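Participant: okay, sequence plus prediction incoming.
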Amino acid sequence: MIEYYEELTQEEQEQLAGVIQLLYRQTFLLERKYDKRSGRFQYRKEYRTCSKHMEFLKAYFAVAGISLKENVHMGVIYIQGEALWGEKLPRLATIYLLVLKLIYDEQMERASTSVQVVTTLGAINGKAGDFRVLSGIPSPTELRRTIALLRKYQILEPLDVLEELGEHTRLVVYPTVHAVLLGDDIKKLLETFSEEDNIGEESGLSGTFEDMPE
């Protein structure tokens, strides 16, 4: 493993270091992400770097008891393992994560070909309201904090300026939301979040980003 690394150019070594740090920080790497400047989805160099050196990176993470996996169909590379510490998700972030999964699945079921899933903040709050898990519209500060957290983990990407948050604010939902909650009964999970329940500020889904299913 060391020999393989030492045979790389300095540029390639730096690229590998960047990919490793990125995976530790955000768990996922997406093959394509929305670029606001071009208004298009563009391929990510970090994903290509990881794919190119996949076997080396698998061996590297394995030393720490971490698995590096790739879902080619979804265009997602991610790390998984008990050695990783999951981040506690605030209640609103968990509710949004579950709702985004429902929206993603609904749009994909209607699509005859591969599509990019786009929704609005109003649609998310509306669906959350249908399940009676929100008593009202969250404050702008809480909304920005929640969107920033889900963006950090490559779950979504806002298409509009966050300073102008409103019901028409558009959000790209990345396929990672499907990977995070694969196999879970989302509607039943949402039912456990009724406003009458005595639930604290943080959800019971902490660690979700690391504890992904195979």
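Facilitator: Structure received.
Participant: whichever strand or helix holds Leu68: partners in the sheet, and parallel or antiparallel?
Facilitator: In this structure, Leu68 sits in strand 67-71 according to DSSP states H and E. Here strand 67-71 has these sheet partners by DSSP bridges: strand 76-80 (antiparallel).
Participant: need the CA coordinates for the strand it pairs with. CSV is fine.
Facilitator: Only the C-alpha atoms of strand 76-80 are listed here, as CSV (Å, rounded to 0.1, in the frame of the first residue of the first chain):
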residue,chain,number,x,y,z
VAL,A,76,-22.3,7.8,-4.8
ILE,A,77,-19.1,6.7,-3.0
TYR,A,78,-19.3,6.6,0.8
ILE,A,79,-17.6,5.4,4.0
GLN,A,80,-19.2,3.1,6.6
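Participant: that one - what's its average pLDDT?
Facilitator: On average, the pLDDT along strand 76-80 is 90.
Participant: what does that strand contact?
Facilitator: Strand 76-80 is contacted from outside by 23-24, 27-31, 47, 50-51, 61, 66-71, 175-176, 179, 210-212, using CB atoms under 8 Å, 6 or more residues apart in numbering. Backbone N, C-alpha and C define where each C-beta goes, glycine included.
Participant: can you give me the neighbour number for Glu31?
Facilitator: 20 (other CB atoms under 10 Å).
Participant: for Tyr78, same thing?
Facilitator: With other CB under 10 Å as criterion, Tyr78 counts 24.
Participant: so Ile137 makes contact with Asn125?
Facilitator: Yes. Judged on CB atoms under 8 Å, Ile137 makes contact with Asn125 at a distance of 6.1 Å.
Participant: these two: which is more packed in?
Facilitator: Asn125 (19 against 15).
Participant: so what does the helix or strand harbouring the more buried one touch, helix or strand wise?
Facilitator: Assigned by DSSP H and E, Asn125 belongs to helix 121-130. Secondary-structure packing of helix 121-130 (3 or more CB pairs under 8 Å, 6 or more residues apart in numbering; DSSP states H and E): helix 91-110.
Participant: what's the angle between the helix it packs on and helix 121-130?
Facilitator: If you take axes from the mean of the first three to the mean of the last three CA atoms, to 10 degrees, helix 91-110 sits at 100 degrees to helix 121-130.
Participant: which positions within helix 91-110 qualify as buried?
Facilitator: 91-104 (16 or more other CB atoms under 10 Å).
Participant: any chance of these in JSON lines with distance to Val19 as columns?
Facilitator: Listed next are these as JSON lines, based on distance: CB to CB, whole Å:
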{"residue": "Arg91", "distance to Val19": "32"}
{"residue": "Leu92", "distance to Val19": "31"}
{"residue": "Ala93", "distance to Val19": "26"}
{"residue": "Thr94", "distance to Val19": "28"}
{"residue": "Ile95", "distance to Val19": "32"}
{"residue": "Tyr96", "distance to Val19": "28"}
{"residue": "Leu97", "distance to Val19": "25"}
{"residue": "Leu98", "distance to Val19": "29"}
{"residue": "Val99", "distance to Val19": "31"}
{"residue": "Leu100", "distance to Val19": "26"}
{"residue": "Lys101", "distance to Val19": "27"}
{"residue": "Leu102", "distance to Val19": "32"}
{"residue": "Ile103", "distance to Val19": "30"}
{"residue": "Tyr104", "distance to Val19": "26"}
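Participant: since that was my last question, I'll sign off now.
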